[in-house]
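Novice: after the sequence you'll find the predicted model.
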Amino acid sequence: QMPFTMERRETFSSAHRLHSPALSDEENRKVYGKCNNPSGHGHNYVWRVILKGDIDPKTGMLYDLAALKREMAEVIDIVDHKHLDKDVDYFSKVPSTSENLVLFLYDSIKSRLGRPELLKECILHETEKNVFTYSEY
């Protein structure tokens with residue numbers, strides 16, 4: 001059998017402030033620039049989940065798309081129309097960079113998938129030009 005990939009895209013909007021507790025206020029301003037604005041700023045993100053594996057000979061499917069849609073929606077509920085630093089506990093410990101956000105999304109979807117071993121990667125489009133990818137290999 002040939003391995004197949006399947007991808008689902010979702011969108012969500014979140015606000016955040018790039019600020020690291022490991023840095024002084026001056027260092028934060030230097031490292032993050034305008035993204036360190038105390039009021040924060042927002043993005044309309046595109047989140048892509050990519051699964052890879054063999055299709056089930058009985059169903060002819062790699063994974064149940066309705067289940068993936070539901071599982072991604074549960075994760076999006078955590079971040080959509082939220083201020084990541086104030087509303088999502090995970091980001092009280094780490095800066096809400098897109099690198100950390102895509103890792104959070106990856107771990108959050110993996111823990112919900114009926115077949116987590118199929119998860120190949122998560123891709124996060126912060127803007128049209130800035131794209132972040134996390135995969136375990």
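Specialist: Sure thing, it's come through.
Novice: what pairs with residue 51 across the strands?
Specialist: residue 6, residue 119 (DSSP bridges).
Novice: list the contacts for it?
Specialist: 5, 6, 7, 62, 63, 68, 118, 119, 120 (CB atoms under 8 Å, 6 or more residues apart in numbering). C-beta here means a position set from N, CA and C on the backbone, and glycine is covered the same way.
Novice: report pLDDT for it.
Specialist: Among the per-residue scores, residue 51 holds a pLDDT of 97.
Novice: can I get the buried part of the contacts of residue 51 as one PyMOL selection?
Specialist: Restricted to buried positions by 16 or more other CB atoms under 10 Å, the PyMOL selection for these reads:
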select buried, resi 6+62+63+68+118+119+120
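Novice: residue 22: which of the contacts of residue 51 is nearest?
Specialist: Nearest to residue 22 among the contacts of residue 51, counting by CB to CB, is residue 119 at 29.6 Å.
Novice: does the residue of the chain positioned farthest from its centre lie in a helix or a strand, and which?
Specialist: Farthest-out residue of the chain from its mean C-alpha position, per CA atoms, centre = their mean: residue 58, at 31.4 Å. If you go by DSSP states H and E, residue 58 is not part of any helix or strand.
Novice: got a pLDDT number for it?
Specialist: So residue 58 comes in at 95 (pLDDT).
Novice: so who does it touch?
Specialist: Residue 58 touches nothing, counting by CB under 8 Å, 6+ apart.
Novice: next: residue 104.
Specialist: 79, 88, 90, 91.
Novice: now it, what's its secondary structure?
Specialist: Three-state assignment for residue 104 (DSSP: H, G, I helix; E, B strand; the rest coil): helix.
Novice: equivalent analysis for residue 46, please.
Specialist: Residue 46 ends up strand, using three-state DSSP.
Novice: which residues does it bridge with?
Specialist: residue 11, residue 125.
Novice: what about it, how many residues nearby?
Specialist: Under the neighbour criterion other CB atoms under 10 Å, residue 46 is assigned a count of 16.
Novice: all set, thanks.
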